[in-house]
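I would like to see how this sequence folds:
(2 chains)
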Protein chains: 2
Amino acid sequence: MYLSKYFLPILKENPSEAQITSHRLMLRSGMIKQSSAGIYSWLPLGLKVLKKIESIVIEEQIAAGHIPILMPTIQSAELWRESKRLDDYGKEMLRFEDRHGRLMLYGPTNEELVTDIFRSFISSYKDLPKTLFHIQWKFRDEVRPRFGVMRGREFFMKDGYSFDIDKKSAIHAYNRHMISYLKTYERLGLKAIPMKADTGPIGGDYSHEFLVLASTGESQVFYDSNISDLSLGDNHIEYDNSSNLKSIVNKFTTPYARTDETHDVTLFEKIPENRRMSGRGIEVGQIFYFGTKYSESMGAKIDLPNGKRIPVEMGSHGIGVSRLVGALIEANHDQHGIIWPKAVSPFDAVIINLKQNDKKCHEISIKIYDILKVNGFDILYDDRFESVGAKFSSIDLIGIPIQIIVGPRGLSEGILEIKSRKDGIRKNIPLSENFLELINAIKI
Amino acid sequence: MYLSKYFLPILKENPSEAQITSHRLMLRSGMIKQSSAGIYSWLPLGLKVLKKIESIVIEEQIAAGHIPILMPTIQSAELWRESKRLDDYGKEMLRFEDRHGRLMLYGPTNEELVTDIFRSFISSYKDLPKTLFHIQWKFRDEVRPRFGVMRGREFFMKDGYSFDIDKKSAIHAYNRHMISYLKTYERLGLKAIPMKADTGPIGGDYSHEFLVLASTGESQVFYDSNISDLSLGDNHIEYDNSSNLKSIVNKFTTPYARTDETHDVTLFEKIPENRRMSGRGIEVGQIFYFGTKYSESMGAKIDLPNGKRIPVEMGSHGIGVSRLVGALIEANHDQHGIIWPKAVSPFDAVIINLKQNDKKCHEISIKIYDILKVNGFDILYDDRFESVGAKFSSIDLIGIPIQIIVGPRGLSEGILEIKSRKDGIRKNIPLSENFLELINAIKI
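So this is what the prediction gives:
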């Protein structure tokens, strides 16, 4: 993409309404525009990041054996009367009457709708286990929306629902979700810690939240430093192997890790003092096992081999996709702007032409652009007629991991420069016909 | 995907609420489930088709140089007061107050919101031309939703908005959209005819609708048979070449083609009688040029090189993505069910195991499945313990273009059978170690 033809409205000034870094940087780098309180339009750069996160979330859910569907944003209130949850959300749930006077609502979550789908079609143990998930816009009419996409009103979320024959199988689904979420966060370049959580209006027996450590987080968190060292790495996960999954989950849930809501001082103080950590965290996901809470009230039953008919065991599992954009920035920035982890960067690299009206600089830039494109990279070319300073500062702001710097002095010496956004390290790359060295430098 | 692990709730009976073929077939093949009047959940098979259509629409918009953004579903009514359109949509526009008593609405279209984005960031001729598009859920509170996803209340639509310096450039944007839409329909395997249209509540100077011929269409259409022969084919389109585009558009818009809304009997009767065609059509897209209708009322102005400041020239352009799923089925089915065009088929091929409890049949089926998967194909394996008849009828119903039939008799003779869903032609393929012949047969 040539920047001159793109739509990247970078702000020079810090927007006064932004209280936290991610909000400020998203507005400044032209990723979003507020359209009304807590409701945002995603501009091209922001949308690219949102879509990359969405793709990774989908891939990891499918890898775990979960099946994508898509439920609508608008629901009838009828189902919520059945589950007796219509009033649980209070004013946060956006309600309205349609033209025929029927009470409708903008879904804040989908337990009712998915349970209705399940009971309409599935009635035998033979069709279980089954996990259905979707990624859809949701609405919570927050009384005081703030922190940009971190606590907006209209937000994009993955929510999955597991259906199982018994508690044992439901716990396996719970573990599957925990691991698929950990895997997702790792792929996004985020360190998220599963913490014992309250269940809130979803209800249920137990629940974990996933928190990313960041000083701007809304939750106080307490944890054993041992948990920070854990990672799944590149290990292939056998999602059907329940004992294997259980042992991974045990590893991640044994060290103490809780938010202020579930914090237990006595337990915490049993950890050796040098491992006792506390800080702030951003919630980026939550999983629930709630058994038959919805299947009982809504009559979602299954026939067992022995002829008995029982309510299906359920759980629900959510990742805030739009919120993750903010969380990623909170965890990856410096004083100059965003530093995107490679997996979610809106572009693979950016070409900065230091002298736009220099014919050779432009020609070489285009040549590099075309070659990198042919090699499958998504490249931004900063072809604006701006000062070198303005180019560097706006390109640092938008956080693309690799900058390819094309300038007249370098070209006269037969070199390009590449700069790593993260550590600022610059490296010379000799100009060559096929740019093989450049291609390899970007691949790393 | 193994069918036994999938979620494909096929209905044996014709649902009584479905008045038209596509609605009936989408319900029967487990693509959608109604959640309330005119509002649907997309089940796995339906979602796959919806996503394939969405991808093709996005690719063709990007090829035309248009830039993806994403606007929210919920809008403030304020902007609609500015454009003086708040009452134009009447009861079809879903309105409600948020918890602070502010009037909000579920966007039926986005001229106001995108004009607000434009005016917030762009003020110079140097940044034009620019076309921003998005694909987002919309809501129209139809008094009598019907025909399934063809006339639902919550629907998925691509809408694009062009911003240009003058009328000439705006007409070029109009032509770009017309051709990118024709290209999109062709890739989807649809024959859609551009017809002169009324502008309705969008307003504007001129407009074309795109209609797919189908006996269940809601519009009466009249056209010169010459237009049926036109196609873009595989020609590369140079979207920046305005005279080239203009000549293509002329070719497609010169033959008479109108809906009952714009039909002109006198003009129609000037066509030689043997070329005068009439029938029913389904609207699958519409493009508008409306000049300064919104930019004037909302103050979206640009500075010209001569120092003057004028309202920007605009157009808007829509393709109904969810509606296209229905239109595709109306145009591609027989008495046995759906026949997906290859480009949008939910799976590339399906393996039908005729004898599930035969060890060899199952082993060979899995082997084929694995080999095809490694070769990049998306395959459904019908591993249900069902009768041959039940398998054939449900697989015919869901319309996957290629069926690979694995049965004990064939295997004993060293052959597989492949059947083309469209024409029913069966062909024997010799079993081999690497299944090369099978792979080539699917590639075609």
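
Buried ones in the top strand by length along chain A, by neighbour count?
The strand that spans the most residues within chain A, counting by DSSP state E, is strand A:276-291. By 16 or more other CB atoms under 10 Å in any protein chain shown, the buried positions in strand A:276-291 come out as A:277, A:280-291. For every residue, glycine as well, the C-beta is placed using N, CA and C.

any idea of the mean pLDDT in the helix or strand following that strand?
Sequence-wise, the next helix or strand downstream of strand A:276-291 (DSSP states H and E) is helix A:293-298. For helix A:293-298, mean pLDDT is 95.

buried sites along whichever helix or strand comes after helix A:293-298?
Counting by DSSP H and E, the element after helix A:293-298 in chain order, helix or strand, is strand A:301-303. By 16+ other CB under 10 Å, the buried positions in strand A:301-303 come out as A:301-302.

which one is A:Arg102 nearest to, not counting chain neighbours?
A:Ser76 (6.6 Å; CB to CB, 6 or more residues apart in numbering or on different chains).

and stretch A:11-18, how far apart are its ends?
Start-to-end span of stretch A:11-18 (CA to CA, to the nearest Å) is 13 Å.

Next one: A:Ser278 from chain B, what distance?
34 Å (CB to the nearest CB, to the nearest Å).

What sits closest to that residue if chain neighbours are left out?
A:Phe222 (4.8 Å).

Mind listing the residues bridging to that neighbour?
A:Arg258, A:Ser278 (DSSP bridges).

got the contact list for it?
Applying CB atoms under 8 Å, 6 or more residues apart in numbering or on different chains to A:Phe222 gives the contacts A:256-260, A:263, A:268, A:276-278.

just the buried members of those residues?
Of these, these count as buried by 16+ other CB under 10 Å: A:256-259, A:263, A:268, A:277.

Which residue is it, in the stretch 201-350 of chain A, that comes closest to chain B?
A:Ser322 (10.0 Å; CB to the nearest CB).

my guess is that residue contacts A:Phe156, does it?
Yes: if you go by CB atoms under 8 Å, A:Ser322 and A:Phe156 touch, sitting 4.0 Å apart.

Now list whatever residues contact both of the two.
Joint contacts of A:Ser322 and A:Phe156 (CB under 8 Å, 6+ apart) are A:Leu50.

any idea whether A:Lys422 is helix, strand or coil?
coil (DSSP: H, G, I helix; E, B strand; the rest coil).

Phi first, then psi, for A:Met195.
The phi/psi pair for A:Met195 (degrees, to the nearest 10) reads phi -130, psi 140.

Leaving out sequence neighbours, find the closest residue to it.
A:Ala257 (4.5 Å).

The one you found and A:Ala197 touch, don't they?
No: A:Ala257 lies out of contact with A:Ala197 (CB under 8 Å); the separation is 10.3 Å.

Please, where are all the helices along the stretch 51-200 of chain A?
Applying DSSP state H, counting those that start in this stretch to the stretch 51-200 of chain A gives helices spanning A:78-82, A:111-121, A:167-187.

so which of the ones you listed comes closest to chain B?
Comparing the helices of the stretch 51-200 of chain A under CB to the nearest CB, the one sitting nearest is helix A:111-121, at 3.7 Å.

and that closest one with chain B, contact?
Yes: against chain B, helix A:111-121 shows contacts by CB under 8 Å from any CB of the partner chain at A:113, A:116-117, A:120-121.

filter the residues you listed to the buried ones?
Buried subset of the residues of helix A:111-121 next to chain B (neighbour count, 16+ other CB under 10 Å): A:113, A:116-117, A:121.

of all the residues you listed, which two lie farthest apart?
The span of these, defined through CB to CB, is set by A:Leu113 and A:Phe121 at 13.3 Å.

Among the contacts of A:Phe222, which one sits closest to A:Ser22?
Of these, the one sitting nearest to A:Ser22 (CB to CB) turns out to be A:Thr259, at 19.8 Å.

what's stretch A:433-443 in contact with?
Applying CB under 8 Å, 6+ apart, the set of residues contacting stretch A:433-443 is A:348-349, A:367-368, A:371-372, A:375, A:377, A:402, A:404, A:416, A:418, A:427, A:429-430.

Show me chain A divided up by domain.
Using automatic domain parsing, the domains assigned to chain A come out as A:3-338, A:347-443.

Can you give me the first-to-last residue distance of the first one?
Start-to-end span of domain A:3-338 (CA to CA) is 18 Å.

Then the shortest one?
Taking CA to CA, domain A:347-443 runs 13 Å from one end to the other.

Let me know the average pLDDT across it.
96.

Could you look up the SS state of the residue of the stretch 201-350 of chain A closest to chain B?
Using three-state DSSP, the structure places A:Ser322 in helix.

if I pick it, what's in contact with it?
A:50, A:149, A:152, A:155-157.

what do you get for A:Ile310?
With contact taken as CB under 8 Å, 6+ apart, A:Ile310 is in contact with A:301-302, A:304.

Same list (those) but as TSV, adding pLDDT and distance to chain B.
As requested, those are arranged in TSV below (pLDDT from 0 to 100; distance: CB to the nearest CB, whole Å):
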residue	pLDDT	distance to chain B
A:Lys301	98	16
A:Ile302	97	14
A:Leu304	96	18
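
on that earlier part again, how big is the angle separating the longest strand of chain A from helix A:167-187?
With axes from the mean of the first three to the mean of the last three CA atoms, to 10 degrees defining the directions, strand A:276-291 sits at 140 degrees from helix A:167-187.

Show me what strand A:276-291 is packed against.
The contact analysis (3 or more CB pairs under 8 Å, 6 or more residues apart in numbering or on different chains; DSSP states H and E) places strand A:276-291 against helix A:167-187, strand A:192-196, strand A:206-213, strand A:219-224, strand A:313-320, helix A:321-331.

send the alpha carbons of the shortest one over as CSV?
Looking back up the chat, that one is strand A:192-196. Written as CSV, here are the backbone C-alpha positions of strand A:192-196 (Å, rounded to 0.1, in the frame of the first residue of the first chain):
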residue,chain,number,x,y,z
ALA,A,192,-1.6,-13.8,29.8
ILE,A,193,-2.0,-15.5,33.2
PRO,A,194,-5.1,-17.7,34.0
MET,A,195,-6.5,-16.6,37.4
LYS,A,196,-9.2,-18.1,39.5
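
avg pLDDT for that strand?
pLDDT averaged over strand A:192-196 gives 95.

Can you work out which other helices and strands pack against that strand?
Counting contacts by 3+ CB pairs under 8 Å, 6+ apart, strand A:192-196 is packed against helix A:167-187, strand A:206-213, strand A:219-224, helix A:242-253, strand A:257-259, strand A:276-291.

from the chain's centre, how far out does that strand sit?
15 Å (CA atoms, centre = their mean, to the nearest Å).

quick check: angle from that strand to strand A:313-320?
Using the same axes, to 10 degrees: strand A:192-196 against strand A:313-320 is 140 degrees.

Please identify which residue in the stretch 301-444 of chain A comes closest to chain B.
For the stretch 301-444 of chain A, CB to the nearest CB, closest residue to chain B: A:Phe385, 9.4 Å.

wait, what's in contact with that residue?
By CB under 8 Å, 6+ apart, the contact set of A:Phe385 is A:356-357.
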